[in-house]
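Peer 1: got a sequence here, can you model it:
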Amino acid sequence: MKKLKKWCSKQLDIYRGVDFPIDRIIGKSFVPASRLPHRQLLERFEAFGRDGFDWKETAYFNRIAGGTGLPNGGFETLPEGLDFSPSWWLMPWAWYPGKERAHDYKTQERRALQKTAAFLDLYESIKNDGYKMRVGGAIRGYILEHPDHGFIFSQIDGHHRLAILDFLSEMKQSANLEVRVFPIKVIRRSEVLRQPECLRGLGCNIFSERDALKLFDHPFHQLGFETGKSI
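Peer 2: From the prediction side, this is the model:
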């Protein structure tokens, strides 16, 4: 019954979702798909084959295994001059506390091997058979609206699929690729400081009001929009 409900939820998200250009989608670590550690793994896979390189030497593997964890709560990049260093996924528009990682490296290593193999399986499946949206469902996240730069999508899942689609579109030199997303909410810059998640973060001293606006603007900057003057 639980699997059936999950499948129905995915299909409903697809029906209620919208098609969004992948060059306007930002990941949870504040970088686009082309700059995720997934990219290095896919490049090596294409160059050397599944068994032609050491998975443990890739940033993707080490990130999962805990060998080279990101500073700053798991973000690839953050705006300069923040009053507080943010926690993982504690954003002014979303509240997703990160989970504690196991400290046993051997356990994490086995998990990293399994996830790397699964990711490469997914890549081969999408490359050979095409992307089947009804299998994975719509990518969930938040639409962020900037007064000067329009809309972008801040995703909270589907990073593996998006990294693969972005990589394949570059290989095939495909332009204007879109993917189905399900927006949980639209967040406008003018309304950020009134969001319940933002008020909660401000009350817990996780970020300041100035930080909240910088964090909102940062994804736009990472996607190539100049937002510094608007802060």
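Peer 1: please enumerate the strands of this structure.
Peer 2: Counting by DSSP state E, the chain forms strands over residues 18-21, 25-26, 90-91, 94-95, 139-146, 150-155, 178-188, given from the N-terminal end onward.
Peer 1: so for Ser125, which of the ones you listed sits nearest?
Peer 2: strand 178-188 (16.1 Å; Cβ to Cβ). Every residue, glycine included, has its C-beta placed from N, CA and C.
Peer 1: redo the strands of the chain as CSV? Include distance to Phe53, mean pLDDT and mean neighbour count.
Peer 2: What follows is those, written out as CSV (distance: least, Cβ to Cβ, whole Å; pLDDT from 0 to 100; neighbours: other Cβ atoms under 10 Å):
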stretch, distance to Phe53, mean pLDDT, mean neighbour count
strand 18-21, 32, 94, 14
strand 25-26, 28, 96, 22
strand 90-91, 35, 84, 24
strand 94-95, 36, 81, 16
strand 139-146, 29, 96, 20
strand 150-155, 28, 96, 19
strand 178-188, 28, 94, 18
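Peer 1: so where's this protein shaky on pLDDT?
Peer 2: 1-2, 4, 7, 67-73, 96-105, 173-176, 226-231 (pLDDT under 70).
Peer 1: all the helices of it, residue numbers only.
Peer 2: Counting by DSSP state H, residue ranges of the helices within the chain are 2-16, 38-48, 59-65, 105-129, 133-136, 159-171, 196-203, 209-222.
Peer 1: for Ile14, which non-adjacent residue is spatially closest?
Peer 2: If you skip the residues right next to it in sequence, Ile14 has Ala138 as its closest partner in space, 4.9 Å away by Cβ to Cβ, 6 or more residues apart in numbering.
Peer 1: correct me, but the one you found touches Pro183?
Peer 2: No. Taking Cβ atoms under 8 Å as the definition, Ala138 is not a contact partner of Pro183, at 9.2 Å.
Peer 1: what residues are shared contacts of the two?
Peer 2: Shared contacts of Ala138 and Pro183 (Cβ atoms under 8 Å, 6 or more residues apart in numbering): Gly17.
Peer 1: who touches the residue nearest the centre of the chain in this structure?
Peer 2: Among the residues of the chain, the smallest C-alpha distance to the mean C-alpha position (Cα atoms, centre = their mean) belongs to Gly27, namely 2.5 Å. Each residue near Gly27 by Cβ under 8 Å, 6+ apart is listed here: Ala33, Leu36, Glu76, Gln155, His159, Leu162.
Peer 1: contacting residues around the closest residue to Tyr123 other than its chain neighbours?
Peer 2: Computed as Cβ to Cβ, 6+ apart, the closest residue to Tyr123 that is not its neighbour in sequence is Ile164, at 5.1 Å. Residues in contact with Ile164, defined by Cβ under 8 Å, 6+ apart, are His38, Leu42, Leu122, Tyr123, Ile126, Lys127.
Peer 1: how many neighbours does Trp172 have?
Peer 2: Wrong residue type there; residue 172 is Lys, not Trp. As a burial measure, the neighbour count of Lys172 was computed by other Cβ atoms under 10 Å and equals 9.
Peer 1: separation between it and Gly49?
Peer 2: Counting by Cβ to Cβ, to the nearest Å, the separation of Lys172 from Gly49 is 20 Å.
Peer 1: again, but for Ser154
Peer 2: 35 Å.
Peer 1: Ser208 is nearest to which of the strands of the chain?
Peer 2: Using Cβ to Cβ, the strands of the chain put strand 90-91 closest to Ser208, at 13.2 Å.
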